[in-house]
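Trainee: Here is the input, now give the coordinates:
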Amino acid sequence: MDRISDFLVARTAVVRDYLTAVSGSVGRLVFSLLYFVVLANALPLADFGLFATASAAGVMLSRILGFGFVSALYRIATVKPLLLGVFAAGFLFMSLLSLPALALASWATHAIFFAADMPLATFAIVIIAEALVWRVVETIVIVNNGLNRFARAATLVIFGTAARALAAAIFAFATATPALGTWVDWYLAANAASLLVALVFFCPRLRLRLRPALYWRRFADSLYVAGAELLFYLQMEMDKLLVLAMGGPHLAGIYAIVMRLVDLTAIPIRTFTMLLVQKLMRTPESLARLSLRVGIEAAIFIVSTIGLLTLAGLLRFFPNLLGSNVAVAAPIIALALAVPGLRNLIEYQAELLFARGQMLVRAINLALLAAGKAVILAYLLMGEIEAERLVNMLNGAFLALYLISAVLTYSALRLPARRA
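Mentor: Numbering: from 1, shown residues only. Sure thing, here's the model as predicted:
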């Protein structure tokens with residue numbers, strides 16, 4: 001009876017934690033959709049494409065902040081929370097050291113992809129909002145999740161997304177001629193408000209203690225993480241950058257709308273992945289059974305596909321449901337049928353390697369995926385190409401990327417895990 005009681009208590013705790021964490025995802029999904037709809041219809045289509053692409057670049061570049069030390073902070077919060085003050089100080093220390101590298105990478109990104117379409121000052125505001133302000137909010141969410149404070153993390157996620165949605169609504173209704181240069185100021189203000197609330201109400205009480213000797217021992221792993229995260233978001237967002245560079249702002253706007261709707265399907269999946277990562281950090285052998293691995297991947301693909309089909313069905317019968325700009329892309333959303341599931345599976349497999357501490361393998365895997373995606377998309381974008389044909393061909397492109405990721409990931413899982 002004691003064993004049965006312990007089993008039920010453990011399973012009840014898991015379900016409770018998942019429901020608490022997923023509540024943040026549901027709230028984020030609602031406000032993300034509201035934010036997307038308002039902004040996509042407030043800005044001209046080309047401006048929305050530029051902003052979405054610049055924001056994606058900012059998310060990618062934000063992984064330079066701290067040289068990947070967020071991973072060490074998360075692991076410590078998960079397995080050795082008494083050292084959290086020491087590693088929080090390490091994150092701040094590494095963040096200061098990383099600022100020149102972040103500035104240089106941001107300048108280079110603007111010069112390569114945005115110089116012809118967006119002023120450097122406008123791009124810089126987006127990068128500050130994403131890489132310096134919002135990334136710190138994300139870090140506080142990550143730490144709370146590591147401490148199993150899922151309700152606090154969920155509340156902060158909802159607040160941050162709601163702040164962006166509110167800023168977009170005020171911008172849309174209070175600005176006579178909505179323009180990208182004006183919107184980025186509102187965007188920075190919304191993220192800054194989220195950071196202030198996070199620091200005052202959601203940051204765990206810590207006594208910061210600087211111990212550089214501890215940080216240098218983990219510096220190599222942190223660099224692997226930073227490189228892997230950059231590569232991860234590069235392969236995730238490479239398509240937006242290439243569409244902008246080779247297809248122009250208008251096509252980038254249509255493409256950004258399609259991929260934003262695809263990305264919404266990943267929000268509930270990431271909650272499950274986050275909890276699985278924590279379990280694997282503590283018990284790396286949890287996914288030893290092949291049937292369990294196949295079952296998880298099948299569930300992720302099915303849930304993601306159902307999400308896109310539901311959205312595509314609604315827009316089929318009500319094309320203006322999400323506004324006139326989104327209606328332009330509504331007819332082609334269903335063409336990306338397999339993309340959400342394959343994209344979410346690639347993200348899930350990368351997190352498996354992170355959970356097991358296989359940072360170098362993860363970095364190599366993501367480098368190959370980024371290179372493969374760049375080659376495939378550059379080929380697809382050669383010459384004149386319509387949005388419908390591009391989105392339809394993405395299914396094959398993501399299938400190829402998924403197969404590469406699956407072979408590399410599950411080959412690596414045969415190796416021993418590295419514990420924190």
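Trainee: Ser411 and Ala329, how far apart?
Mentor: Look at Ser411 and Ala329: by Cβ to Cβ, to the nearest Å, they are 38 Å apart. Where C-beta positions appear, they are placed from N, C-alpha and C, glycine not excepted.
Trainee: Quick check on those two: which one has the bigger neighbour count.
Mentor: Ala329 (25 against 11; other Cβ atoms under 10 Å).
Trainee: so that one touches Arg260, yeah?
Mentor: No: using Cβ atoms under 8 Å, Ala329 makes no contact with Arg260, being 9.4 Å away.
Trainee: Poorly predicted segments of the stretch 201-350 of the chain, please.
Mentor: Scanning the stretch 201-350 of the chain with the threshold set as pLDDT under 70 gives 281-282, 284-286, 288.
Trainee: what domains does the record give for the protein?
Mentor: 1-217, 219-420 (automatic domain parsing).
Trainee: to the chain's geometric centre, what's the distance from the shortest one?
Mentor: Centroid displacement of domain 219-420 relative to its chain, using Cα atoms, centre = their mean, to the nearest Å, is 10 Å.
Trainee: residue boundaries of the strands in the chain?
Mentor: Counting by DSSP state E, one finds no strands in the chain.
Trainee: now the closest residue to Tyr348 other than its chain neighbours: how far from Ile300?
Mentor: Closest residue in space to Tyr348, ignoring its immediate chain neighbours: Thr273 at 5.4 Å, by Cβ to Cβ, 6 or more residues apart in numbering. Distance, Thr273 to Ile300, using Cβ to Cβ: 8 Å.
Trainee: do the same with Asn325
Mentor: Taking Cβ to Cβ, one finds Asn325 at 30 Å from Ile300.
Trainee: ditto for Arg164
Mentor: 26 Å.
Trainee: swap in Ala108?
Mentor: Where Ile300 is concerned, Ala108 sits at a distance of 35 Å (Cβ to Cβ).
Trainee: higher neighbour count, those two?
Mentor: In this view Ala108 and Ile300 are compared by other Cβ under 10 Å, and Ile300 has more residues nearby, 22 against 11.
Trainee: Surely the more buried one touches Pro268?
Mentor: No: judged on Cβ under 8 Å, Ile300 makes no contact with Pro268 at a distance of 10.1 Å.
Trainee: joint contacts of those two?
Mentor: When Cβ atoms under 8 Å, 6 or more residues apart in numbering defines a contact, no residue borders Ile300 and Pro268 alike.
Trainee: For Ile296, list the residues it contacts.
Mentor: With Cβ under 8 Å, 6+ apart, Ile296 has these contacts: 276, 287, 348.
Trainee: could you redo the last one with a cut-off of 10 Å?
Mentor: 272-273, 276, 287, 345, 348, 352 (Cβ atoms under 10 Å, 6 or more residues apart in numbering).
Trainee: can you redo these as CSV with distance to Phe317 and neighbour count?
Mentor: Formatted as CSV, those follow (distance: Cβ to Cβ, whole Å; neighbours: other Cβ atoms under 10 Å):
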residue, distance to Phe317, neighbour count
Phe272, 30, 18
Thr273, 32, 21
Leu276, 36, 17
Leu287, 41, 18
Leu345, 29, 23
Tyr348, 32, 22
Leu352, 38, 21
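Trainee: For those residues, work out which two are farthest apart.
Mentor: Leu287 and Leu345 (14.2 Å; Cβ to Cβ).
Trainee: Can you pull the phi/psi pair for Leu337?
Mentor: With angles defined as degrees, to the nearest 10, Leu337 sits at phi -50, psi -40.
Trainee: tally of neighbours for it?
Mentor: 16.
Trainee: Kindly provide the distance from it to Phe272.
Mentor: From Leu337 to Phe272 the distance is 22 Å (Cβ to Cβ).
Trainee: cool, Cys203 as well?
Mentor: When Cys203 is compared with Phe272 (using Cβ to Cβ), they lie 26 Å apart.
Trainee: for Pro119, same thing?
Mentor: 41 Å.
Trainee: Repeat that for Phe173.
Mentor: With Cβ to Cβ as the criterion, Phe173 and Phe272 are 37 Å apart.
Trainee: Over to Leu166?
Mentor: Leu166 is 28 Å from Phe272, by Cβ to Cβ.
Trainee: Show residues contacting stretch 161-171.
Mentor: 24, 27-43, 129, 134, 137, 178-179, 182-183, 185-195, 197, 267.
Trainee: Now, the residues you listed that are in helices?
Mentor: 24, 27-42, 137, 182-183, 185-195, 197, 267 (DSSP state H).
Trainee: PyMOL command to pick out the buried ones of these?
Mentor: This is the PyMOL syntax for the buried subset of the ones in helices among the contacts of stretch 161-171, where burial follows 16 or more other Cβ atoms under 10 Å:
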select buried, resi 24+27+28+29+31+32+33+34+35+36+37+38+39+40+41+42+137+183+186+187+188+189+190+191+192+193+194+195+197+267
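Trainee: Leu223 - how many residues pack around it?
Mentor: By other Cβ under 10 Å, the burial measure for Leu223, its neighbour count, is 15.
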